[in-house]
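take a look and give me a structure for this.
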Amino acid sequence: MQPDLNKTQAKLSLLPLLSFVVLFLGVGLYLQSQGVDYAFYQLPAPVAILPAIVIAFLVNKASINQSVETFIKGAGHSNIITMCLIYLLAGAFSAVAGATGGVDAVVNAGLSLIPASFLLPGLFLIAAIVSTAMGTSMGTIGAIGPIALAVSVKTGIDPAVMAGTIVSGAMFGDNLSIISDTTIAATRTQGCEMKDKFRENLKIALPAAILTVCLLMFLTPEPQPVETKEFDWLLVLPYAFILFLAVAGMNVFVVLFSGILFAAAMGFTGDYEVASFAKDVYDGFSSMQEIFLLSMFIGGLSEFIRINGGLDYLAEKIQWLTSIIAKWHRKVADQLGIAALVLTSNLCIANNTVSIIVAGPVAKKLADDGNILPKRSASLLDIFACVMQGSLPYGAQALLLGATFKISPWDVSTSSYYCFILAFTAVAVICLRRNKA
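Residues are numbered from 1 along each chain as shown. Reported below is the predicted structural model:
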């Protein structure tokens, strides 16, 4: 009887997480059907998860005091706290660099360098660079979307193709950036260094980006000149600075803290005021409040799942689903299992960072069982979460650009060619480099 009881408890331990996904997805779909803008962002995730926490306490076979200790242990895990601190510093850097005019400088610097015949590939590269520098696809889309719309109107480029190009570039950077929420979540849940994940990720993302550029060159119409605004090259330097330090292998806390000071110093050469610096840092902290709280709550829930055998149960089921492929190659099967896990999670939640946090512990279990390197599992988590996020018509990226371009979010998501190419490239790399995972 004991094995059956253990399996029942393992299944029950997954109920809280499932209830969170169902509530979050259900509310989003309902509001979407009512025509509410950004439907999946109306119910804050940290609030949506509160009923799940209550359920976790109810199904856990322990006293209230013991359950509280379990939850706090999970929420206060060193990986969770480290992740949260990185979120705060990343938010502060983005806020300071943005307030000093860095985002506008990067956009206009890119536009000034693009040949007219290279318009779509050039805008893809600008979005990719800005997103990699900022660490946010939504911030990138918000900055570049209006510019891309004006370029589309002026040149006659299909608005859907233009919008899809911006999403594609934004997701490239969101996936690779060392200050992106997704990178932070993926590396911390899998236990690897950001520089290692970046290099592993680049092996997959770079070929996909090259293929996308080739496709966009074919889709670019007759050349049309585009006007750019004046910008200061000094404001571009903070983004290049933190990218250089990160790739060089410097500690991520040192990278981000140095980046904040460097961005402020570049701003002080212009009209950025010292009095604004502290406020912008705090605003950056505040911008990370939602993902900060959610990460801690998910950490607490994950501890309940772990101690009751839920992670082992999920890993076992995914390995069963990929058992046919496992007969050919175990590592390939486990890597495809990680991909399927995060794709499904993101399909339900419509948030790539949250889906990584949710799927991370199970992905870690699959990676350990299949002897997959942490940098590879972190890379796969981030890649396939971004693939799904960039392809979702009800994702924030497609909704924002759909509203900006006055077109259907479906048209935006189906024109996000990079996301589809990235998925194909990732699967090909999994199969072709199966012994190097």
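
ranges for the helices of the stretch 1-150 of the chain?
2-13, 15-33, 45-48, 50-59, 64-75, 78-99, 102-113, 119-134, 137-155 (DSSP state H, counting those that start in this stretch).

most tightly packed of these?
Highest mean neighbour count of the helices of the stretch 1-150 of the chain: helix 119-134, a mean of 26 (counted as mean count of other Cβ atoms under 10 Å). Yep, even glycine has a C-beta here, placed from its N, CA and C like the rest.

coming back round to it: want to try TSV for the helices of the stretch 1-150 of the chain, with distance to residue 275 and mean pLDDT as columns?
What follows is these, written out as TSV (distance: least, Cβ to Cβ, whole Å; pLDDT from 0 to 100):
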stretch	distance to residue 275	mean pLDDT
helix 2-13	50	70
helix 15-33	40	83
helix 45-48	31	84
helix 50-59	38	90
helix 64-75	36	90
helix 78-99	12	78
helix 102-113	19	70
helix 119-134	24	84
helix 137-155	24	73
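
mind putting those helices in JSON lines, distance to residue 212 included?
Converted to JSON lines, the helices of the stretch 1-150 of the chain look like this (distance: least, Cβ to Cβ, whole Å):
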{"stretch": "helix 2-13", "distance to residue 212": "41"}
{"stretch": "helix 15-33", "distance to residue 212": "29"}
{"stretch": "helix 45-48", "distance to residue 212": "30"}
{"stretch": "helix 50-59", "distance to residue 212": "38"}
{"stretch": "helix 64-75", "distance to residue 212": "39"}
{"stretch": "helix 78-99", "distance to residue 212": "25"}
{"stretch": "helix 102-113", "distance to residue 212": "16"}
{"stretch": "helix 119-134", "distance to residue 212": "6"}
{"stretch": "helix 137-155", "distance to residue 212": "15"}
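
relative to residue 266, which of these is closest?
helix 102-113 (7.6 Å; Cβ to Cβ).

what sits against residue 353?
181-182, 185, 291, 385 (Cβ atoms under 8 Å, 6 or more residues apart in numbering).

ok, residue 389 next?
137, 171, 174, 346, 350-352, 355, 395, 397.

tell me which of the residues you listed is nearest to residue 417?
residue 171 (10.8 Å).

can you tell me the closest non-neighbouring residue to the closest one?
Using Cβ to Cβ, 6 or more residues apart in numbering and skipping the chain neighbours, the partner closest in space to residue 171 is residue 390 (3.9 Å).

okay, buried residues for the helix or strand where residue 332 lies please.
Residue 332 belongs to helix 330-349 when assigned by DSSP states H and E. In terms of neighbour count (16 or more other Cβ atoms under 10 Å), helix 330-349 has its buried residues at 330-339, 341-349.

between that helix and helix 15-33, how many degrees?
If you take axes from the mean of the first three to the mean of the last three Cα atoms, to 10 degrees, helix 330-349 sits at 50 degrees to helix 15-33.

ok so, going back, out of the helices of the stretch 1-150 of the chain, which comes closest to residue 196?
Closest among the helices of the stretch 1-150 of the chain, using Cβ to Cβ: helix 78-99, at 15.6 Å.

from the contacts of residue 389, which shows the smallest pLDDT?
Among the contacts of residue 389, residue 350 carries the lowest pLDDT, at 64.

distance from the chain centre to the helix holding residue 332, please.
15 Å (Cα atoms, centre = their mean, to the nearest Å).

nearest to residue 272 among the contacts of residue 353?
Using Cβ to Cβ, those come closest to residue 272 at residue 181, 25.6 Å.

OK, contacts around that closest one?
87, 90, 135-136, 291, 353.

again, only this time at 7 Å
Counting by Cβ atoms under 7 Å, 6 or more residues apart in numbering, residue 181 makes contact with 87, 291, 353.

which among the residues you listed gets closest to residue 279?
residue 87 (18.8 Å).

the closest one against residue 288, yeah?
Yes - counting by Cβ atoms under 7 Å, residue 288 is a contact partner of residue 87 at 4.3 Å.

so how far is residue 128 from the residue lying closest to residue 113 once chain neighbours are set aside?
Distance criterion Cβ to Cβ, 6+ apart; nearest residue to residue 113, sequence neighbours excluded, is residue 122 at 7.8 Å. Separation of residue 122 from residue 128 (Cβ to Cβ, to the nearest Å): 10 Å.

next one: residue 354
Counting by Cβ to Cβ, the separation of residue 354 from residue 128 is 23 Å.

which one, of the helices of the stretch 1-150 of the chain, ends up nearest to residue 405?
helix 137-155 (5.7 Å).

got phi/psi on residue 62?
Per-residue torsions, residue 62: phi -160, psi 170 (degrees, to the nearest 10).
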